[in-house]
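# pasting the sequence and the predicted model now:
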Amino acid sequence: MRVTLLTLPLLGLGHYGFGQSTTPAGEQKIKMSFASPPGGMPLLGLISSMPQRPSLDDSLARRFHARNRVKTVALVRVGANGAALDTLDYAELDRAGYPVLTAKPSFKARTHLRYNRRHQLISLTKDATPGFAWFVQSDYDPATRTTTTRVGPSLAQLALYQTGHDTQQGNTHRFETLLMAVPGMPAPKVGRVVLSTSTMGGDTLRIDVLGYQGEQVVKSEAYYAIGRQPQQREGGIIVLPTAGRPHRALEGKFISTNRSAFDAAGRLARIQYLPTPPALAEKPVTSTSADGNGSMTIRPSTDTLTTTYLRNADGQLLREEFHGNVFGKVFSSSKPADSPPFTAYDYLPNGLRRSKTDNHGTRYEYRYTFF
């Protein structure tokens, strides 16, 4: 299938370098349709769950939105005269500052969110888009800790695709999900996926993912993370000695794919995505736009990509700077004549974000309506 039906904590499982595109990235005018990678979608990508823990940046923005009674916020690209050229992002919020609708108009993508009285996310619906002409709806029941996902060509024609349930046993968190065949979609390669997260001592977590057909394990993956969310200092993959079977806690070769650093207040200050080892790299994948006028090649990066973050006293992001092989060109702060790409943000006196500007001088403004 052509969509990943999950949101899980970011483990930094690798990164990709991008080939040349015929349209500037900021304009978002090329609509791509990405198929599954050559090795098939990872088991981790088949698991449907819903985010219950917002990032620190999202929580901070929510507090400012609630304090200022923000009803809608739109990010628009503006011209030299201040006129809006296009809208990149749009969100509608409830009175507590939680998004109930998010949209990317350039991609005709809309997501609807619903919460219970404790502000737990209990329903998430993604509208059909030109890239994936099916609706996807996930519902979470906090009482039973069950997530149910349905897909279909319309909201009136949704079919059960997946049911998942999570449990806690000692220091092991287990999420088990059943995948169903849906008419009009390729049959899933596995019928059941079990994800187990265990503490290995200290603050190291091991994540084992097993794919079953009947009672037989037919595919297995493993990952690790050092540091508890939201301060995960390192993450990576575990290369298993034998694929397609359960493994003991210390089995496998640990390969780091990302490292993070935090400031004294615990906020993210730097994140590095490390090169994909050649033996684990997928083959390059080229996708062409719907009109055939543009294409993009995704290939494993051979460079370390680093993003650094500068924040104000409130923790709001002032600048993010990128170093490494970005869009086929190496940027480094050691080359003053060829400065690294960055995005700079500024804020209104009430704490709401006013605008952002990139290193090309393109300006984006945040525009609000209020309750």
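On my side now, so go ahead.

# quick one: low-confidence residue ranges for the stretch 251-371 of the chain.
Along the stretch 251-371 of the chain, the model assigns pLDDT under 70 to residues 279-282, 287-301, 325-339.

# do a quick rundown of the strands in it.
With strands called from DSSP state E, counting those that start in this stretch, the stretch 251-371 of the chain shows them at 253-262, 268-273, 285-288, 295-300, 305-311, 317-326, 329-331, 342-347, 353-358, 363-370.

# mind putting those into TSV with distance to Arg192 and mean neighbour count?
For glycine as for every other residue, the C-beta is placed from the backbone atoms N, C-alpha and C. As requested, the strands of the stretch 251-371 of the chain are exported to TSV (distance: least, Cβ to Cβ, whole Å; neighbours: other Cβ atoms under 10 Å):
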stretch	distance to Arg192	mean neighbour count
strand 253-262	26	17
strand 268-273	31	19
strand 285-288	28	13
strand 295-300	30	17
strand 305-311	35	18
strand 317-326	39	18
strand 329-331	44	14
strand 342-347	42	16
strand 353-358	43	16
strand 363-370	44	16
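
# need phi/psi at Gly164.
Torsion angles at Gly164 (phi, psi; degrees, to the nearest 10) stand at phi -130, psi 150.

# do Ser106 as well
Per degrees, to the nearest 10, the backbone of Ser106 is at phi -60, psi -30.

# which SSE is the closest residue in space to Trp134 that isn't next to it in sequence in?
Leaving aside its sequence neighbours, Trp134 sits nearest to Val151 (Cβ to Cβ, 6 or more residues apart in numbering; 5.1 Å). Using DSSP states H and E, the element containing Val151 is strand 146-152.

# can you spell out which helices and strands pack onto that strand?
strand 135-141, strand 159-169 (3 or more Cβ pairs under 8 Å, 6 or more residues apart in numbering; DSSP states H and E).

# who wins for proximity to His119 among the strands of the stretch 251-371 of the chain?
His119 sits nearest to strand 363-370 of all those, at 20.4 Å, using Cβ to Cβ.

# and the contacts of that closest one?
If you take Cβ atoms under 8 Å, 6 or more residues apart in numbering as the criterion, strand 363-370 is touched by 68-78, 84, 88, 352-357.

# which neighbours does the strand holding Val151 have in its sheet, and in what orientation?
Paired neighbours of strand 146-152 in the sheet (DSSP bridges): strand 135-141 (antiparallel), strand 159-169 (antiparallel).

# figure out which of those is closest to Val285.
Checking the strands paired with strand 146-152 against Val285 by Cβ to Cβ gives strand 135-141 as the closest, at 22.4 Å.

# dump that closest one to PDB, keeping only the CA atoms.
Output of strand 135-141 as PDB, limited to C-alpha atoms (Å, rounded to 0.1, in the frame of the first residue of the first chain):
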ATOM      1  CA  PHE A 135      -9.900   7.800   3.700                       C
ATOM      2  CA  VAL A 136      -8.000   6.500   6.800                       C
ATOM      3  CA  GLN A 137      -9.700   6.700  10.200                       C
ATOM      4  CA  SER A 138      -8.200   5.500  13.500                       C
ATOM      5  CA  ASP A 139     -10.000   5.500  16.800                       C
ATOM      6  CA  TYR A 140      -8.500   4.900  20.300                       C
ATOM      7  CA  ASP A 141     -10.300   3.600  23.300                       C
END
